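> coords please:
(one chain, ligands or ions: 3)
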Amino acid sequence: MISRRSVLYTLAIGTLLGSNAPVFARRRRAGPMTLLDPDGDGTIDLAEARKAASALFDKLDKDRDGTLDRRELSGRLSAKELAAADPDHDGTLTKDEYLAVVEQRFRAANPDNDATIDATELKTKAGRSLLRLLLQ
Ligand SMILES: [Ca+2]
Ligand SMILES: [Ca+2]
Ligand SMILES: [Ca+2]
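Numbering: from 1, shown residues only. Ligands and ions are numbered 1, 2, ... in the order given. Next up is the predicted model:
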């Protein structure tokens, strides 16, 4: 026999799930392409990549000294990549040096040279390594 209480309970759960479902859908994280493509043309151009990279640089620069050290980069660049990107060898990257690496990775992730990264290119190894410099 089903008690009145359990029927009410079941109704309550149903209402809860029903009302929460759209909230969950709205809260679903936007994909990287959505975040990196403010003009909504479905691709990332270099200006969009530089803008995102610049914002991430500011976020990663915890001590606000205008440069990123190894700790702040936290694995986004290997020691070798950091050395190559750091011509004055002080172990840190200025924003210009960081954006130069972003440009290199952008070119590497864009083998068809059409000046944009599309969703397929973003999923390649080169695309993902670019993405690490653009989004947290
Ligand atoms: Ca775009
Ligand atoms: Ca810093
Ligand atoms: Ca392309």
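> Can you name the residues bridging to residue 116?
Taking DSSP bridges as the rule, residue 116 bridges to residue 45.
> show me what contacts it?
Contacts of residue 116 were listed using C-beta atoms under 8 Å, 6 or more residues apart in numbering, and they are 43-45, 110. All C-beta atoms are positioned from the backbone trio N, CA, C, and that covers glycine.
> any idea how far residue 34 is from residue 44?
According to C-beta to C-beta, to the nearest Å, residue 34 stands 11 Å off from residue 44.
> Same check on residue 58?
19 Å.
> Can you report phi and psi for the spatially closest residue to residue 66 that is not a sequence neighbour?
Distance criterion C-beta to C-beta, 6 or more residues apart in numbering; nearest residue to residue 66, sequence neighbours excluded, is residue 94 at 6.7 Å. Note on residue 94: its backbone torsions stand at phi -80, psi 170 [degrees, to the nearest 10].
> Dig out what residue 94 forms beta bridges with.
Legend: beta-bridge partners of residue 94 under DSSP bridges are residue 67.
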